[in-house]
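>>> when you get a sec, could you give me coordinates for this:
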Amino acid sequence: MIEKVNPCHPDKVADRIAGAIVDLAYATEDNPRIAVEVLIGHGVCHAIIETSATLDERDIVDAIFRIAGDVQTDIVVVPQDEHLSDNQKGAIRCGDNGIFKGMPLTEEQKKLSKLAGRIYADYPTDGKYILDGDRLIICQSNADTEELKSRYPEAEVNPIGAWVGGTNVDTGATNRKLGSDMADSVTGGGLHGKDLSKADVSVNIYAFLKAQETGEPISLCCAIGDETIDGKPYGEIVQIARDFITDLGGFEAFAEWGLF
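Okay, here's the model as predicted:
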């Protein structure tokens, strides 16, 4: 059983905005420290940004408008906690405590992810999709329901009829769709709106990738300040995550679909 939401779901809009702001930080520094939380809905976008980077608020507003349209913005930028920043001086160390789980994707999960991408290519508006064995549920806003039914006759399409989604009728918050982004690898730490020093980003990505490579579940834990995890220098784990993000095209692109 798996759920996927597409990049126009309000929660993913929030994740994408957070990712775009992290991209701005990486455009100013090679290893910035940043954590972003976004709440958006009904014409207003709130963003709280804790960072070591010097950001131009106009660039933040431009990113919000590009992703969410013309909304009112409420932006708070504060320095990151000095204890967190000091933890990274002189070496790349784990930026947080946490437990992390990597799980191999199932064929069902891979199937739904591909299907979600195909539907979104035709309907780039708010949508949510569920696959549970033989039961396929497609909820796609601003869609030709009958056309979708003809393409997917086995599916339940828009069970209560046509609908209009998006941030004008719903709210979105950062990291609220972790199951959609991580499948069975979901853990307590959120993927989005954080720099690579944060274990929630780098260790989650590392554990997920290792599980796909080995075909076996992996469980890891770490304490803030750890210099090795799973027998590897933390800097190596950060580089693996950096390569993954770079290949996708940045943190905003990562936020569109998550890990798969």
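>>> which residues are in contact with the one helix or strand Val61 maps to?
If you go by DSSP states H and E, Val61 is part of helix 57-68. Outside helix 57-68, the residues that touch it by C-beta atoms under 8 Å, 6 or more residues apart in numbering are 13, 16-17, 20-21, 24, 40, 45, 47, 49, 71, 73, 75, 77, 167, 252. Bear in mind the C-beta positions are built from the backbone N, C-alpha and C, glycine included.
>>> ditto for stretch 231-248
With C-beta under 8 Å, 6+ apart, stretch 231-248 has contacts from 91-94, 196-197, 201-203, 205-206, 209, 226-230, 251, 254.
>>> which is the next helix or strand following the helix holding Val61?
That would be, after helix 57-68 and using DSSP H and E, strand 72-79.
>>> please enumerate the helices of the protein.
10-28, 57-68, 82-87, 107-122, 145-151, 178-182, 199-214, 234-248, 251-257 (DSSP state H).
>>> looking at the ones you listed, which has the lowest confidence?
Of all the helices of the chain, helix 82-87 carries the lowest average pLDDT, namely a mean of 77.
>>> please list only the buried members of the contacts of stretch 231-248.
Buried members of these, counted by 16 or more other C-beta atoms under 10 Å: 92-94, 196-197, 201-203, 205-206, 209, 226, 229-230, 251, 254.
>>> distance of Ile75 relative to Cys45?
Distance, Ile75 to Cys45, using C-beta to C-beta, to the nearest Å: 8 Å.
>>> with Ala14 instead?
8 Å.
>>> kindly report the same for Leu248.
In terms of C-beta to C-beta, Leu248 sits 23 Å off from Cys45.
>>> pick out whichever of the two has more residues nearby.
Shown here are Leu248 and Cys45; by other C-beta atoms under 10 Å, Cys45 has more neighbours (25 against 15).
>>> ok, what's across the strand from the closest residue in space to Leu148 that isn't next to it in sequence?
Spatially, and ignoring its direct neighbours in sequence, Leu148 is nearest to Val157 (4.8 Å; C-beta to C-beta, 6 or more residues apart in numbering). Beta-bridge pairing for Val157 (DSSP bridges): Ile138.
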